[in-house]
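K.L.:
turn this into a structure:
(chains A, B and C)
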Amino acid sequence: MEKKIRVLVAKPGLDGHDRGAKVVARALRDAGFEVIYTGLRQTPEQIAEAALQEDVNVVAMSILSGAHGHLFPKVVDLVRKNGMTDALIIGGGVIPEGDIPALKEAGVSAVFTPGTPTSEVVKYINENVKL
Amino acid sequence: MDIAEELLKGNRLALSRAITAIENEYEEATDIMKKLYPHTGHAYVLGITGPPGAGKSTLSDKIAREYRAQGKTVGIIAVDPTSPFTGGAILGDRIRMNGLTLDEGVFIRSMGTRGSLGGLSHKTADAVKAMDAFGKDIIIVETVGVGQSEVDIVKAADTTMVVLIPGMGDDIQAIKAGILEIGDLYCINKSDLDGADKLVREINMMLDLDSLMTEWRPPITKVVASQNEGITELLDTVEKHRTHIEGNGQLAERRTKRTREEMLDILSSNIGTYIKGKIVDSGRLDGYVEQIKQHETDPYTVIGQVMDEMLK
Amino acid sequence: MSNEKIQAELEKYEASVEKAIARFPEREHLPEKRLYTPLDIKDTDYADELSFPGVYPYTRGVQPTMYRGRFWTMRMYAGFSTAEESNKRYRMLIENGATGLSCAFDLPTQIGYDSTDPIAEGEVGKVGVAIDSLADMETLFDQIDLGKVSTSMTINAPASVLLAMYIAVAEKQGVPADQLRGTIQNDILKEYAARGTYIFPPRPSMRLITNIFEYCSKNVPKWNTISISGYHIREAGSTAAQEIAFTIADGIAYCEAAIKAGLKIDDFAGRLSFFWNAHNNVLEEVAKFRASRRIWAKVMKERFHAQNDKSMKLRFHTQTAGSMLTAQQPNNNIVRVALQTAAAVMGGTQSLHTNSRDEALALPTQESVTIALRTQQIVAYESGLADVIDPLAGSYYVEAMTNKIEAEAWDYIKKIDDLGGAVAAIEKGYIQKEIQDSAYKWQMDVESGARTIVGVNKFQMEEEPPKGLLKVDEAVGERQKAKVEAMKAKRDNEAVKAALADLKKACQDENENLMPHILAAVKTYATLGEICNVMREVFGEYEAHVSL
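P.N.:
Numbers count the residues shown, from 1 in each chain, chains lettered A, B, ... in the order given. I've put the predicted structure just below:
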């Protein structure tokens, strides 16, 4: 058996700041994960469908524009509706502390704010992913 | 859920889970494949290979759109290399196909080459079968074509297209030998760049040298995938090749040959796994190595003994 | 002291400190030599490489007087929510002594979508102000005299449309176009390479840009038609040398496109401006600013054979590095911004935006913006850094560093030339890959501790969650949508249709300058999205090249 953790790294919304998403994608690859990178300007529908087709274990999203409150919960909803009940959904970006409880409530299991080392993201996935 | 049953009913998540089972070599994969096998054989498989940067994903995207316009459903398997150092991979082909994500008639799956190069070709072949059983009319298998493993994957295709771009310089020399035998069609992408005609001439010269090519001379089509130029013409050549190999019995022959190779492949892989399990996991291998180190015996004698014992 | 003598003394010195320095292994990773001497700049000819301020190759500054005449323009980038809200913030900034405006637009505006477009959901008014039509632009500059203020607009793919709106508002105020001063960013190449708010493919994008060059040279002569930006390249993770190299390569591409379109270098080059990042390493940054001026002067003179001095002067705006702000202990950012400001000033910037301490957390509050502006004023009036021109010239280290960055940048420019220029290098993913590699290295250095970020990987402490962050009202999107609908019901829709049809025809004719057609369309209150959709139909959309 050759199980591998598969992670979808996506940028929902319109902001083009993908430095963080790309750095995380590389760090996850270097941690031995298979990373499906979908690039900029993805709608929640596209992200959920790509997650389904790729049968990923983790959906990792990054937003710097402030649209997280709107877009993250929508992705969670669609992914769950697709029957992917186990997939871990995590987010990162410029996200004020005050917004995090609502995001968690909505089903985003972890939110990583600026300054988080990539190793912490790797550790979180390894400890929480369901294979 | 019963993956095979759900897949046959058209459940996309089931198709996705089936491919995961194949990729991860879950035990249930064999059962799934058994149930799916009777429903395979309808899809036409197009292999697309070429060096990095040739624009294969963009091309796959445009080809898929063209097939969709013809009312056909499409499956795409995009294979990217796994890092030999970390075991991880970045699978980025989807970026070029984001516009297809929400088209229900298209299913895209990215695969890493992972460790087992030998096993990859049969995993890909099984993933193709899963998409075939799901009901896809056309299945595109896209790989970076440089090494032997990619050539093996492409063997799973009914028609193989080699994509090249102008201005690759010496690269083409290096891959010439490898691609000469596998291309049923040649596609010159980014043909608006300087050197496209020179490349066509070079490929033609290569083809002239191949005396075996009596029945089918691979056509060379110039396209600019990013501008959607030449795609219709390109698919015409696919259709021509298909008609050709259907007419002269080559398609049936290819598929028979493929079944044979697949069976041998699975067989030797299973035997290998069995033997490895016996001598590695039991610790016997370490013992043998120690003995060989001490010059008490030699590898050839040991292997003879093991084979005798295992294959009794 | 003769060079031989210095060499001998230097060797003695190095031998004497070797042992002592070996006791500090944590400082071992520093890349630069520990001591610079006249030997490091012995080949630097004063007349050829430095010369005087306002004199080729402008290493020491583009104006003869620099800050002994006027200070740089203190230009604060701002804009959020609706045009009404942003207008209030602009007027507050002007009252507080800001000397130029700098407009931030929200993402739908930057990518040419109306607020009513489904893709805009959740983004309207978030990172800047939403502008859907001329009506919003009129509100944005209400009671601001466009004949007096200089306005910088961070807008790229749809720059032509926003500029047209600005010209139309001015016309309504009675200000003729040839009196307008300001800048549009209009730099599409760095959008492909680093910032991501592109719309059209390179070819039509370059056409739009050269159309603007041509139109403005005749009609809006005081307008800076492009701000060729390294800022975002640096934010995406590049090194200092990469920042200026990739940006100057972009600049070369714009000049070549304009020349190909039939313009003469001296007709437009004087209106080109640049936009640099002020990063943390103060002396490296000063060297970078100086090197960039020298390279551009040489490019213009030797490559494009410019005759006019103005064409050879690299004028630049600076913004302090947003990516260097930390979410941890946000007040520390005030200090970072002050140091970055010092670098920009010692590097001779023409205008400066200083970031606010809370921008790693959210959009800045009014109080934070004021501190950021005061930082500039303190540097200008109290620090003495602006009292003499190019104060670090002659420093062995800074001169050597200037030479080094220049050499590195030339290497990159050559490589990009070999790849067929900046457009080809971007299409091949080369520039993106180089930036990503640097970004990844930076991150790994921070994680390994090789690079210290105070409050992030050293000197951390427990903190209360920050209070009083600015929050954009989520209802803004709905309000803006209603405004667009109301405006559409009021305007002459036949006139809009005719103007858009005319624009489409113009797009299809490659020899037609699009600016007059766009100006005509915005005057009918055609929306930004309607105008951009016409162009999308004809031009298609860019597909990003990503190679990780």
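
K.L.:
okay, and residue 123 sits in which element?
P.N.:
If you meant another chain, say so; for now it's chain A. helix A:118-128 (DSSP states H and E).

K.L.:
could you do chain B instead?
P.N.:
B:K123 belongs to helix B:117-134, assigned by DSSP H and E.

K.L.:
next, count neighbours for residue 72.
P.N.:
In the absence of a named chain, this looks at chain A. A:F72 has 29 neighbouring residues, counting by other Cβ atoms under 10 Å in any protein chain shown. C-beta coordinates here come from the backbone N, C-alpha and C atoms, glycine included.

K.L.:
wait, chain C
P.N.:
Other residues close to C:W72 by other Cβ under 10 Å number 24.

K.L.:
cool, B:T237 as well?
P.N.:
19.

K.L.:
and it, what pLDDT?
P.N.:
B:T237 carries a pLDDT score of 97 in this model.

K.L.:
hmm, C:G112 and C:A120 touching each other?
P.N.:
No - look at C:A120 against C:G112 with Cβ atoms under 8 Å: they stay out of range, at 10.5 Å.

K.L.:
show me where chain A has strands.
P.N.:
A:6-10, A:34-37, A:58-63, A:88-93, A:110-112 (DSSP state E).

K.L.:
which one of these lies closest to chain C?
P.N.:
Across the strands of chain A, the minimum distance to chain C, taken as Cβ to the nearest Cβ, is reached by strand A:34-37, at 6.2 Å.

K.L.:
closest point of chain C to chain A, which residue?
P.N.:
C:G196 (1.7 Å).

K.L.:
quick one: closest of the strands of chain A to B:Y274.
P.N.:
The closest of these to B:Y274 is strand A:34-37. By Cβ to Cβ, the value is 27.7 Å.

K.L.:
is the closest residue to B:I220 other than its chain neighbours in a bridge, and if so with what?
P.N.:
Among residues not flanking B:I220 along the chain, B:Y186 sits closest, at 4.4 Å (Cβ to Cβ, 6 or more residues apart in numbering or on different chains). B:Y186 has these beta-bridge partners by DSSP bridges: B:V162, B:I220.

K.L.:
output the helix holding B:K123 as CSV, nothing but the C-alphas.
P.N.:
Output in CSV follows, covering the C-alpha atoms of helix B:117-134 (Å, rounded to 0.1, in the frame of the first residue of the first chain):
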residue,chain,number,x,y,z
LEU,B,117,7.8,3.4,-11.6
GLY,B,118,6.9,-0.1,-12.9
GLY,B,119,3.6,0.0,-11.0
LEU,B,120,2.6,3.3,-12.3
SER,B,121,1.7,2.2,-15.8
HIS,B,122,-0.7,-0.4,-14.5
LYS,B,123,-2.2,2.0,-12.0
THR,B,124,-2.7,4.5,-14.8
ALA,B,125,-4.2,1.7,-16.9
ASP,B,126,-6.6,0.8,-14.1
ALA,B,127,-7.6,4.5,-13.6
VAL,B,128,-8.3,4.6,-17.3
LYS,B,129,-10.6,1.5,-16.9
ALA,B,130,-12.4,3.1,-14.0
MET,B,131,-13.2,6.2,-16.1
ASP,B,132,-14.1,4.0,-19.0
ALA,B,133,-16.6,2.0,-16.9
PHE,B,134,-17.9,5.3,-15.6
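
K.L.:
just checking, C:A194 touches C:Q242?
P.N.:
No - taking contacts as Cβ under 8 Å, C:A194 lies outside contact range of C:Q242: 10.4 Å.

K.L.:
ok, longest helix in chain A?
P.N.:
Ranked by number of residues, the top helix in chain A under DSSP state H is helix A:68-81.

K.L.:
give me the contact list for it.
P.N.:
A:12-13, A:44-45, A:47-48, A:51-52, A:59, A:61, A:63, A:87, A:89, A:91, A:93, A:95, A:99, A:102-103, A:106-108, C:121-122, C:474 (Cβ atoms under 8 Å, 6 or more residues apart in numbering or on different chains).

K.L.:
pLDDT wise, what is C:V476 at?
P.N.:
89.

K.L.:
contacts only, for it.
P.N.:
C:81-82, C:124-125, C:130.

K.L.:
let me see the backbone angles for it.
P.N.:
phi -50, psi -40 (degrees, to the nearest 10).

K.L.:
can you give me the distance of the residue nearest to it when sequence neighbours are not counted to C:E359?
P.N.:
Nearest in space to C:V476, with sequence neighbours left out and distances taken as Cβ to Cβ, 6+ apart, is C:G125 at 3.9 Å. C:G125 is 17 Å from C:E359, where distance means Cβ to Cβ, to the nearest Å.
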